[in-house]
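> my questions are about this predicted structure, shown below with the sequence.
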Amino acid sequence: MKNKRYVKISFAAVLAFFAITFFSCKDEDKSITGIVPEATSITPVENLRAGNIITVKGKNLDQVKEVRFGESYLIAAANFVSLSATEIQIEIPAAAPGGEVYLVAKDDVVPNQLAGNITMLMPVITKVEPAEIEIGGEVSVTGTDLDLITSITVNKTELEILETTAALMRVKFPDNLATGGLMTFVKENKEETVYGTPISILLPVDFPEIVSATPDPIKIGQLLTIAGANLDQITQVFFGQIEATQFGTRNASMIEVTVPEGVAMGACEIKFVIESGVEFTHTVTITSGAPEITVFQGPLDLTWDTGGRAVVPASAFANVSAGAVLKIYFTQNENWGQAQINDGGWAQIPWPELGGAGTISSDTYGDKAATSQEFILTQEILTLLDSKKGIFGDYSETEPVAIIIQGSDWRIDKITITGTSAGGTGVDPVDDPEYVFFDFNDGTKNSWWGQVNVNNAVGSLWEGVENDSSLSLDGTPYARVNNGGGMFFRNGANNLKTDGVTLSGWVVKLDVRVISGSGAIRLELQSGGTQYMAVVNLEDKGGWYTATVPFSDFKDEWGSGSNSLPDLVINEFGATDGGEGETMTLLIDNVRFEPK
């Protein structure tokens, strides 16, 4: 079964040797005992704090090598207070989260066993005063269990803790922070408590004031006009972490600034820095700089019959990457109406914006004035449209269609797609470099085995790591893969940061560029000795783009099983081919975890 990932018609012998070298000796030599540790009780379970001792009772507990708190925090048996066949005692570390507690068996084939649920003690904030301070001022925080707090932020800016007891804290705001807000109190295990009353910062009378920033929303490359007073004190402007360098008018009442390349879509915090170094912020919305392309032109009054259906061809999505927006412009009449949005196989498309439904109707809006509906083209939706495309004779006998809309008492005026193509601009910016676990830039986040390895010379059988400036995404090295095979791997959770990552709230992303061919790869996250794989279909889109993979796609049985990845206690990770004899030249970079 393991050799399946390496079977290639033209390289069978070499690949078989490769599979034996890297994998057969790794797993088959294990001694499997099959002894399952079982928990019958865990005490205490409520209002726990660091230093408390919890006791797990049960049987076969001497077969436990680790105890897992939440999805990824592990305590090794060597650090238990005590361990026997019937009882484990553990001192809770400050970084341990609340929630489910699991027993991790010595035998990797034994699934993690649930021991129970615990809740951690949370600090209670009763008062923060004063509610108004000057720049660089101090506040006093009163409450209970405040000594659990390790950091405090306002608008993602960390404050200085001057003094801490269980009942009182003294906190200083930065000398360069001019924007107040809600205070967030963070424990070492990253659990947060937010105080509901915002702190206001009193500003000097001549401090810069933003009256408006237009247009909003705004696209990358457009000119943002900021109006206000005392704006001539502003020396620097940052969109997120990216400093603006192109300006138009700059005086006391107006600043014109071009939105720089690389700014992420969505809400963007603009940071203004004045001569004294003090900073303040204003938020605008960044939208895609790509044009809005019409893929169906009406008007068309929908029916359920020939001639009354709006059709979008599959070719309209050929160069569209995840995150683009499909927008349907429509007109309602006085009657109750509906529009059923089907894929090319005549099944309704499960749009998340409609709660998984595929029909819009008068009931959807409750307002006859509504004239449009936007849908985000997620990777899941794009994959669905591609897999379900079909021939619809009313449109064409040869060209496949991806969307067919039919209905009654509903007029489709036009359908458009707005978003990034894959021609080098379809890449999502990396949210946090610490959560990148393969970047191939050096030995810390490179491959330990597989054909993608810094020791493989470019031009070899499977290629390896290269840095061709004409192909690189960002001027740094990337992985090059020819003809599939076992691509790249590391184990032991080496440089794999999972702090705060959840299976429901995060996804796996990777930047890819298909040079030739098409096919699939399988990403691997191994937990508890079981390989969980996600099949990722890839194609040549003319440049780099970001593929997004939800954790729910990681299944056992080489990606085709019924069991999903249970946790993020990962002991091996990497990628192999799709198992179908792909002949694809592929570039890969920035394999990472990111919030949805």
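Cool, the structure landed. Numbers count the residues shown, from 1 in each chain.
> for the rest of this, base every contact and every neighbour count on C-alpha atoms.
Fine.
> how many residues are close by Glu129?
12 (other CA atoms under 10 Å).
> same question for Thr55.
Neighbours of Thr55 using other CA under 10 Å come to 17.
> so what's it bridging to?
Thr43, Gln89 (DSSP bridges).
> shouldn't it be in contact with Glu87?
Yes - at 6.9 Å, Thr55 counts as touching Glu87 under the criterion of CA atoms under 8 Å.
> so what's Thr164 closest to, chain neighbours aside?
Asp147 (6.1 Å; CA to CA, 6 or more residues apart in numbering).
> could you pull up phi and psi at the one you found?
The phi/psi pair for Asp147 (degrees, to the nearest 10) reads phi -70, psi -10.
> read off the pLDDT value for it.
Asp147 carries a pLDDT score of 94 in this model.
> from Asp553, how far off is it?
41 Å (CA to CA, to the nearest Å).
> try Gln340
Remark: distance between Gln340 and Asp553 (CA to CA) = 28 Å.
> likewise for Phe173?
Taking CA to CA, one finds Phe173 at 44 Å from Asp553.
> so between the two, which is more surrounded?
Using other CA under 10 Å as the criterion, Phe173 and Asp553 rank with Phe173 on top: 23 against 19.
> next up, the contacts around the nearest residue to that one once chain neighbours are set aside.
Nearest non-adjacent residue to Phe173, counting by CA to CA, 6+ apart: Gly136, 4.9 Å away. Applying CA atoms under 8 Å, 6 or more residues apart in numbering, we find Gly136 in contact with 172-177.
> need the three-state assignment for Gly136.
The three-state label given to Gly136 by DSSP: H, G, I helix; E, B strand; the rest coil is coil.
> for it, phi and psi?
phi 80, psi 10.
> you'd agree Ser362 is up against Lys368?
Yes - between Ser362 and Lys368 there is a contact under CA under 8 Å: 7.2 Å.
> list residues touching both of these two?
Gln332.
> more crowded one of the two?
Ser362 (19 against 14).
> so for that one, what's the pLDDT?
Looking at Ser362, its pLDDT reads 88.
> quick one: contacts for it?
Per CA under 8 Å, 6+ apart, neighbours of Ser362: 332, 336-338, 368.
> mind doing that once more with 10 Å?
Counting by CA atoms under 10 Å, 6 or more residues apart in numbering, Ser362 touches 332-339, 368, 370, 409-410.
> where does the stretch 1-150 of the chain have low pLDDT?
1-33 (pLDDT under 70).
> quick one, helices of it?
12-19, 25-27 (DSSP state H, counting those that start in this stretch).
> so which bits of stretch 237-252 are buried?
Residues of stretch 237-252 classed as buried under the neighbour-count rule (16 or more other CA atoms under 10 Å) are 237-240, 242-244, 251-252.
> what's the answer for stretch 429-449, then?
Those would be 430, 435-441, 445-449, for stretch 429-449 by 16+ other CA under 10 Å.
> got the phi/psi numbers for Leu231?
phi -70, psi -10.
> I'd say it and Asn251 touch.
Yes - with contacts counted by CA atoms under 10 Å, Leu231 reaches Asn251, the gap being 6.4 Å.
> now the element after the biggest helix by length in the chain, going C-ward?
Looking across the chain with DSSP state H, the single longest helix is helix 379-388. Later in the chain than helix 379-388, the nearest helix or strand by DSSP states H and E is strand 401-408.
> what's that next one packed up against?
Using 3 or more CA pairs under 10 Å, 6 or more residues apart in numbering; DSSP states H and E, the elements in contact with strand 401-408 are strand 292-301, strand 310-313, strand 338-343, strand 359-361, helix 379-388.
> how about the contacts made by the closest residue to Asp567 other than its chain neighbours?
On the basis of CA to CA, 6+ apart, the spatially nearest residue to Asp567 that is not a chain neighbour turns out to be Glu71, at 5.2 Å. For Glu71, the contacting residues are 97, 99-102, 498-503, 566-569, by CA under 10 Å, 6+ apart.
> how much space separates Phe69 from Gly308?
57 Å.
> which of those two has more residues huddled nearby?
More crowded of Phe69 and Gly308, by other CA under 10 Å: Phe69, with 21 against 17.
> surely that one is in contact with Met120?
No - using CA under 10 Å, Phe69 is not in contact with Met120, being 11.3 Å away.
> quick check: neighbours shared by the two?
Joint contacts of Phe69 and Met120 (CA under 10 Å, 6+ apart) are 92, 96-99.
> dump those residues to JSON lines, plus distance to Leu510 and neighbour count.
As requested, the shared contacts of Phe69 and Met120 are exported to JSON lines (distance: CA to CA, whole Å; neighbours: other CA atoms under 10 Å):
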{"residue": "Ile92", "distance to Leu510": "36", "neighbour count": "19"}
{"residue": "Ala96", "distance to Leu510": "29", "neighbour count": "21"}
{"residue": "Pro97", "distance to Leu510": "28", "neighbour count": "25"}
{"residue": "Gly98", "distance to Leu510": "31", "neighbour count": "20"}
{"residue": "Gly99", "distance to Leu510": "30", "neighbour count": "15"}
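> hmm, back to that, from the contacts of Gly136, which would you call buried?
172-174, 177.
> closest one of those to Thr184?
Phe173 (13.0 Å; CA to CA).
> what's the separation between the closest one and Phe272?
Counting by CA to CA, the gap from Phe173 to Phe272 is 18 Å.
> which one of the helices and strands packed on strand 401-408 lies nearest to Asn112?
Using CA to CA, the helices and strands packed on strand 401-408 put helix 379-388 closest to Asn112, at 29.8 Å.
> for that closest one, packing partners?
With 3+ CA pairs under 10 Å, 6+ apart as the test, helix 379-388 has strand 338-343, strand 372-377, strand 401-408, strand 530-538, strand 545-550 packed against it.
> 8 Å - rerun?
Applying 3 or more CA pairs under 8 Å, 6 or more residues apart in numbering; DSSP states H and E, we find helix 379-388 packed against strand 401-408, strand 545-550.
> quick one: mean pLDDT over it.
88.
> neighbouring contacts of that helix?
314, 317, 321-323, 343-345, 351, 402-403, 537, 547-549.
> Ile515: helix or strand, and which one exactly?
Secondary structure from DSSP H and E places Ile515 in strand 506-516.
> following whichever helix or strand Val171 is part of, which helix or strand shows up next?
According to DSSP H and E, Val171 maps onto strand 168-172. Counting by DSSP H and E, the next helix or strand C-terminal to strand 168-172 is strand 183-187.
> point out where the stretch 201-350 of the chain drops to low pLDDT.
In the stretch 201-350 of the chain (pLDDT under 70), the answer is 265, 288-292, 319, 321.
> please repeat the previous calculation with a cut-off of 50.
Of all residues in the stretch 201-350 of the chain, none has pLDDT under 50.
> for Asp175, give its distance to Gly136.
Taken as CA to CA, the span from Asp175 to Gly136 is 4 Å.
> ditto for Gln348
Taking CA to CA, one finds Gln348 at 57 Å from Gly136.
> Ile75: neighbouring residues, count only.
Counted with other CA under 10 Å, Ile75 comes out at 19.
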